[in-house]
Every structure is written in C-alpha cells, then in structure tokens.
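Visitor: Fold the following, please.
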Amino acid sequence: LVRRKSSRNSNDMTSSSDEHHGVQLVILDHGLYRELDDKIRLELCEMWKGIVMADAESIKASSKRLGIRSKWMDERFPGMDLSHTLIAAMLSAKEWSVIAMQGNALDRFDSRGSQEEQRKALSANVSEYLNGIVD
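Guide: Numbering: from 1, shown residues only. From the prediction side, this is the model:
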C-alpha cells in the first residue's frame, strides 16, 4: 500500500487474528469520506437527537427526509414502515427496544452484561438483519 501522505496515526492500523490466517495487519482506508452538505448534516443531527431522546417519530421523519428505505424491511414487515428502526440500530449499535425505551433515560445506552454477552447479542442481530443492512 502506497500513500502520498503518510500518517503515523495508530488509528489507521489495527491487527486481527484467527486460526485460519494467523495475525494480520489491517490498514484502514479513510479515503472514502466525503463532506456532507449542511442539510444532510443537520438531518443526521436530528436523527441522533431522536435516538438520544427516544423519539421514534423524529427518527422516522429524519430517515424519510434522508431517503433511507430498506426494501428488505418493507418485505419482511409489510405495511409497518420500519426502515428507521434499522438505521437507528445500526448507528447506535443498540436494539430498537433499547433506543425507543420510554423515559429518555440516557443510562439505557449503558453496557449491559459482559463484553462477550454484548458481542454475541450484536452478532446475532447483525446476522438476523444482515440482508436489511446491505439493502
């Protein structure tokens, strides 16, 4: 990998290991970023505000204004219009039931259980909703 501007930032690299490939150096390519216009940026802020405030209608409205729609979600849950639940879960890495929990208590985002339990729960959700995530 050759880069014109070299960065010694440790956030650009990580390592991975598994029984099939051994230890691997993973170089993260941050070249896919783009600047967002103010309209999109502000709408994403509104969506995050909805997530933090457990405001499902705000999350839904923001996702519609951003044009977020999952055909897979529409097919899996016909007539329910739930694409916003998937994007909110993806952004926050939390289940919709946690995001939409009433009371606006921010501690609902605190980690529950061991790291291994959290990893397993997240992996199960990603596996179940993978087709909707890539849709």
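
Visitor: Mean pLDDT per helix and strand in this protein: which one sits at the bottom?
Guide: strand 13-18 (a mean of 66; mean pLDDT, DSSP states H and E).

Visitor: Just the buried residues of the longest helix along the chain, please?
Guide: Criterion DSSP state H: the longest helix present in the chain is helix 115-134. Neighbour counts over helix 115-134 (16 or more other CB atoms under 10 Å) mark Asn125, Tyr129, Gly132 as buried. Glycine gets a C-beta too; all of them are placed from N, C-alpha and C.

Visitor: Please, where are all the helices along this protein?
Guide: Using DSSP H, helices in the chain cover 38-52, 56-65, 71-76, 83-92, 96-99, 115-134.

Visitor: how about the ones you listed, which one is nearest His20?
Guide: Of all the helices of the chain, it is helix 115-134 that lies closest to His20, at 18.0 Å by CB to CB.

Visitor: Which other helices and strands does the closest one contact?
Guide: The contact analysis (3 or more CB pairs under 8 Å, 6 or more residues apart in numbering; DSSP states H and E) places helix 115-134 against helix 71-76, helix 83-92.

Visitor: Run the angle between the longest one and helix 115-134 for me.
Guide: The directions of helix 83-92 and helix 115-134 differ by 130 degrees, with axes from the mean of the first three to the mean of the last three CA atoms, to 10 degrees as the criterion.

Visitor: tell me the mean pLDDT for helix 83-92?
Guide: In this model, helix 83-92 carries a mean pLDDT of 87.
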